[in-house]
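**Q** What would the 3D arrangement of this be:
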Amino acid sequence: MSGPGPGDAKYYSLIYDGVSLLFTGVIFELIFGILITIVTIAVVFSIVYSGSSMMANEDYLVNEVVHAAAIIGIITNLIDFVIVYAYYYRGFTKLAMADLSRYSIGRIGSIVNIAGQVIGISLAALLLSLTFNLSNVWIVYLMSSPGSIVGFVGSVLTMIALYRLGDHFNVSYLSAGATLLVFMAAINLFNMIPGASVVVGILGLLIGIPALVLLLIGLNEVKKAVGGKLGQQQ
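**A** Reported below is the predicted structural model:
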């Protein structure tokens, strides 16, 4: 039995359902990204301010910041896990059912992202069991490397699928947003370098948020185009 083709109502129905899931996932990712950035900045400044007020030594501050970052990392990865599975994986699965050769890479990327989040949660939990100071804080960056690298690969794979989706339906917003997010994923790798986190965080706000907005606009345009095709089938 042959699968759905570009002219079939089933094809457009699968594309529409998949894009709808991805659209919702990007909304949650955008909201969550803004909130976690605000919370992270507030927590770090709170620890530094409290430590300064109590005349705490630098080793104490380093340990507190690392443990706070580990807790935030666990929460972040858990929420990301739910978003990726519920919306990205399921969304790309729908798209792959419509066109396996074009969109299966997005489903693979989602699985890789989930693996990265599991790694991130495991290593963040390990960080909580250790004590850090100025002499061994480099271990934090070393331990964060595996999750960051796996996450980068997953992000690139999913963005390739979204770029293909935008290109297929001639929606430049979607292709542009996917390209920017690949660039942002590469920048995030610099988190593995000591002292680069603040700069990466700022770039995340300046590049990541506009890129997600472009994805939302692009996915919405694809939904309209596919909805029109479905209307013609009825």
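**Q** where does the protein have low pLDDT?
**A** Within the chain, the set of residues satisfying pLDDT under 70 comprises 1-7, 44, 47-57, 192-198, 233-234.
**Q** Check which helix or strand the residue lying closest to E29 once chain neighbours are set aside maps to.
**A** Nearest residue to E29 in three dimensions, chain neighbours excluded: I83, at 5.9 Å (C-beta to C-beta, 6 or more residues apart in numbering). For glycine as for every other residue, the C-beta is placed from the backbone atoms N, C-alpha and C. For I83, the host element (DSSP states H and E) is helix 58-83.
**Q** Output the contacting helices and strands for that helix.
**A** helix 9-53, helix 100-128, helix 138-168 (3 or more C-beta pairs under 8 Å, 6 or more residues apart in numbering; DSSP states H and E).
**Q** now the next helix or strand after that helix against helix 100-128, angle please.
**A** As assigned by DSSP H and E, the chain's next helix or strand after helix 58-83 is helix 90-98. Relative orientation of helix 90-98 versus helix 100-128 (axes from the mean of the first three to the mean of the last three C-alpha atoms, to 10 degrees): 160 degrees.
**Q** between helix 90-98 and helix 9-53, how big is the angle?
**A** 160 degrees.
**Q** Residues touching helix 90-98, excluding its own?
**A** By C-beta atoms under 8 Å, 6 or more residues apart in numbering, the surrounding residues in contact with helix 90-98 are 3-4, 10-11, 14-15, 17-22, 25, 102-104, 106-107, 109-110, 158, 161, 165.
**Q** Now list the buried members of those residues.
**A** 4, 11, 14-15, 17-22, 25, 102-104, 106-107, 109-110, 158, 161, 165 (16 or more other C-beta atoms under 10 Å).
**Q** Number of residues surrounding R164?
**A** 20 (other C-beta atoms under 10 Å).
**Q** how near is Y163 to A115?
**A** Using C-beta to C-beta, to the nearest Å, Y163 is found at 22 Å from A115.
**Q** re the thing from before, so for the helix holding I83, what gets flagged as buried?
**A** Buried residues in helix 58-83 (16+ other C-beta under 10 Å): 61-67, 69-70, 72-74, 76-77, 79-81, 83.
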